[in-house]
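[1] Pasted the sequence and its predicted model underneath.
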Amino acid sequence: MSVLPPRWRLPYLALLTVIGLLLSASALEAYQLSGGTRPWEPFLWEFSSVLVIGALALGVHALVGRLRGRPWPQQLAAHALALPVFSGLHITGMFGLRLLVYGWVGVDYRPDDVPTLLIFEGGKDAVSYISFCLISRGVWMARAAESARRELAEVRLARLADQVQPHFLFNTLNLISSVMYEDVARADRLLCQLADLLRQTLAAQQRVEHSVREELALVQPFLALMQARFGPERLVVQIEADNAALDCRLPALLLLAPVENAVKHDVARHRGRVIVVVAATRDGERLRLRVSNHGDTPVPEAPPDPDGGLGLRNLRERLEARYGGAARVNFGPDGSGMSLNVDLPCAS
């Protein structure tokens, strides 16, 4: 049973049991019509065959897997050698079980002579072996297709995640450059904070996904950096997360670009104070994330990007690649500011 993953072992045994019962019920009717007096015999005959065949089918599946990718002549030669071994093991195991049970209950059992058994059972075994090979090949091809799909999704996620880093770095350096000639010491502190943040984000990118707790641990120092840039009286930060949401997992650096956009674009559009809120809540098996900003006296000639810019497009593509249609994104005006709401499955 080692060929089967653990989660498939019980279903496989259940399948063999159902097949054995169906065959036994059919054989029992014919047995009784022929005058048989021991109703357990058809069950022994059928289950001895089904159990041995079930074990051998796993070996056939493993053999087909090992032969994948080899030239067809090699595969055919291997199967030509394996078929008589399959039939021999089936006949030996099946009649060995029968003789063991008959001897245990004290009933005489005389199977047909060996040449008759080889001809009768060998023909059926050939059909069974070919059927198992075809089924197994289909299973291996399905596994290969699923593996390729997962690898493609992982490559796409990695590519999208890589887009976050240069985009975030470019915008942050632009923010820092505005104070470079006004206050050199302050700019130096900001660059040191940025270097620490970049080290954390590079480490996060290697993990592909992490918990909400780890994501907020990246968002917080970025917002602290931006507060140092704009001043705490101009940029007010609120991070709200319930304990149930902190262990949910999400793609790494998912919130960094939306938070950066909320600061970079929206603080510039307001003359007064701006409040940026990052919230995470859990509702059953769903994780709800919100990034919103509200400010005083927006500048009318600088309307927000209705699509959310590159950061939001990247976020949508990453969620689509990771969750398909199970994730939802809503972005739009919210009072005196903008709000981004993300609803996705919570995987702990």
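    Yes, it's here. For clarity, every value in this text was computed on a predicted model and none was experimentally measured.
[2] Kindly tell me how buried the residue nearest to residue 137 when sequence neighbours are not counted is, as a neighbour count.
    What sits nearest to residue 137 in space, not counting adjacent residues and going by C-beta to C-beta, 6 or more residues apart in numbering, is residue 64, at 5.6 Å. Just so you know, the C-beta spots here come from the backbone N, C-alpha and C atoms, and that holds for glycine as well. Close neighbours of residue 64, defined as other C-beta atoms under 10 Å, add up to 22.
[3] again, but for residue 47
    For residue 47, the tally of surrounding residues (other C-beta under 10 Å) stands at 22.
[4] now it, nearest residue through space, not along the chain?
    Leaving aside its sequence neighbours, residue 47 sits nearest to residue 20 (C-beta to C-beta, 6+ apart; 4.5 Å).
[5] That neighbour contacts residue 51, correct?
    Yes: judged on C-beta atoms under 8 Å, residue 20 makes contact with residue 51 at a distance of 7.4 Å.
[6] quick one: common contacting residues for these two?
    Here residue 20 and residue 51 share no contacting residue, scored by C-beta atoms under 8 Å, 6 or more residues apart in numbering.
[7] quick one on the thing from earlier: so the residue nearest to residue 47 versus residue 132, what's the distance?
    Residue 20 is 17 Å from residue 132, where distance means C-beta to C-beta, to the nearest Å.
[8] Now residue 60. Nearest residue, chain neighbours left out?
    Nearest residue to residue 60, sequence neighbours excluded (C-beta to C-beta, 6+ apart): residue 132, at 4.4 Å.
[9] Ignore what I typed, I meant residue 221.
    Going by C-beta to C-beta, 6+ apart, residue 221 has residue 197 as its nearest residue, at 5.1 Å.
[10] tell me which element that neighbour falls in.
    Here residue 197, judged by DSSP states H and E, is contained in helix 184-205.
[11] that older thread, quick one: average pLDDT of whichever helix or strand the residue nearest to residue 60 is part of?
    Assessed by DSSP H and E, residue 132 sits inside helix 114-177. Helix 114-177 comes out with an average pLDDT of 74.
[12] Give me the below-cutoff pLDDT ranges for the stretch 151-300 of the chain.
    151-172, 175, 204-206, 265, 268-270, 297-300 (pLDDT under 70).
[13] partners of residue 290 in the sheet?
    Per DSSP bridges, the residues bridged to residue 290 are residue 279, residue 341.
[14] cool, and residue 210?
    Beta bridges link residue 210 to residue 250 when assigned by DSSP bridges.
[15] let's have the chain start at 7 instead
    Understood, numbering begins at 7; the last thing we discussed is residue 216.
[16] just checking, it touches residue 260?
    No: counting by C-beta under 8 Å, residue 216 does not reach residue 260; the two are 9.6 Å apart.
[17] Which of those two has more residues huddled nearby?
    The neighbour comparison of residue 216 against residue 260 (other C-beta under 10 Å) goes to residue 260, with 24 against 18.
[18] and that one, which of the three is it?
    Secondary structure, DSSP: H, G, I helix; E, B strand; the rest coil: residue 260 is coil.
[19] Test my guess that the residue nearest to residue 143 contacts residue 144.
    No: counting by C-beta under 8 Å, residue 70 does not reach residue 144; the two are 9.8 Å apart.
[20] OK, contacts around the residue nearest to residue 66?
    63, 66, 67.
[21] thinking again about what came up before, list the contacts for the residue nearest to residue 143?
    Applying C-beta under 8 Å, 6+ apart, we find residue 70 in contact with 139, 142, 143, 146.
[22] which SS class is it?
    Put simply, residue 70 is helix when judged by three-state DSSP.
[23] just residue 229 next, same as before
    With three-state DSSP as the criterion, residue 229 reads helix.
[24] same question, residue 115
    The three-state assignment at residue 115 reads coil, by three-state DSSP.
[25] Spell out the residue ranges of the helices in the stretch 207-354 of the chain.
    Counting by DSSP state H, counting those that start in this stretch, the stretch 207-354 of the chain has these helices, from start to end: 218-236, 249-252, 262-275, 315-329.
[26] Point out the most buried one among these.
    helix 262-275 (a mean of 22; mean count of other C-beta atoms under 10 Å).
[27] just checking, what packs against that one?
    On a contact count with 3 or more C-beta pairs under 8 Å, 6 or more residues apart in numbering; DSSP states H and E, helix 262-275 meets helix 120-183, helix 218-236, strand 280-289, strand 292-301, helix 315-329, strand 343-351.
[28] Please tabulate these in TSV and include distance to residue 11 as additional columns.
    Shown next, in TSV, are the helices and strands packed on helix 262-275 (distance: least, C-beta to C-beta, whole Å):
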stretch	distance to residue 11
helix 120-183	11
helix 218-236	30
strand 280-289	30
strand 292-301	28
helix 315-329	23
strand 343-351	23
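[29] So for residue 96, which of the ones you listed sits nearest?
    Taking C-beta to C-beta, helix 120-183 is the member of the helices and strands packed on helix 262-275 nearest to residue 96, at 5.5 Å.
[30] tell me the mean pLDDT for stretch 22-37?
    Average pLDDT, stretch 22-37: 91.
[31] which residues touch it?
    Taking C-beta under 8 Å, 6+ apart as the rule, stretch 22-37 contacts 45, 47, 48, 49, 51, 52, 53, 56, 57, 60.
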